[in-house]
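# Structure for this input, please:
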Amino acid sequence: MTPIINPMWFYLIDVLNTLDDIAPIFSFASAVAMVVFPFLWYDYYNEKKDISETEYKRFRKIASKFLKGSIIVFVISLFIIVMVPAKKTMYTMMVVDQIKLDNIEGVEEAIKDSVDYIYCKFNNCGNK
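The predicted structure is shown next:
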């Protein structure tokens, strides 16, 4: 018997919920790094005015990579925060995806049969 909803979806929802929980931490950390790092770089460069050109280029290359990495982490974190829906919304979407017209008609027939059965029990339809 195959399940109506693939259990892998429940795992995926849990993973996405965890990502959505930790994304603000990464977003905040990368934003702080993007703001603070240029000031640190400026202070370091002003302190060491007698550094060689090759050392300056090497430091600038490292600083550039760090800043680009911070920007990438920030953008990805914001994307996760904005695009990943809440856990309840994901469960609702999963359930709504399973509702089909045939399912509703089948439930409607089952409810009608149940109501008729209960009505007959109360009114002694079978005893006449």
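
# how far does the helix ranked longest in the chain sit from the chain's center?
Determined from DSSP state H, the single longest helix within the chain is helix 7-47. Computed by Cα atoms, centre = their mean, to the nearest Å, the chain-centroid distance of helix 7-47 equals 15 Å.

# Can you check the pLDDT for the residue nearest to the spatial centre of the chain?
Most central in the chain under Cα atoms, centre = their mean is residue 84, positioned 3.2 Å from the mean C-alpha point. We have a pLDDT of 93 for residue 84.

# on that earlier part again, quick one: average confidence on the longest helix of the chain?
So the average pLDDT for helix 7-47 ends up being 88.

# Could you measure from residue 30 over to residue 71?
Remark: distance between residue 30 and residue 71 (Cβ to Cβ, to the nearest Å) = 7 Å. Every residue, glycine included, has its C-beta placed from N, CA and C.

# likewise residue 15?
Note on residue 15: its distance to residue 71, by Cβ to Cβ, is 25 Å.

# Could you do residue 87 as well?
As judged by Cβ to Cβ, residue 87 and residue 71 stand 29 Å apart.

# Now do residue 27: how many residues are near it, please.
By the criterion of other Cβ atoms under 10 Å, residue 27 has 19 neighbours.

# The closest residue to it other than its chain neighbours and residue 88: what is the separation?
Using Cβ to Cβ, 6 or more residues apart in numbering and skipping the chain neighbours, the partner closest in space to residue 27 is residue 77 (3.7 Å). When distance is defined by Cβ to Cβ, residue 77 is 22 Å away from residue 88.

# ok, the two, which is more surrounded?
residue 77 (21 against 10).

# For the more buried one, pull up the helix or strand it's in.
Counting by DSSP states H and E, the element that carries residue 77 is helix 53-83.
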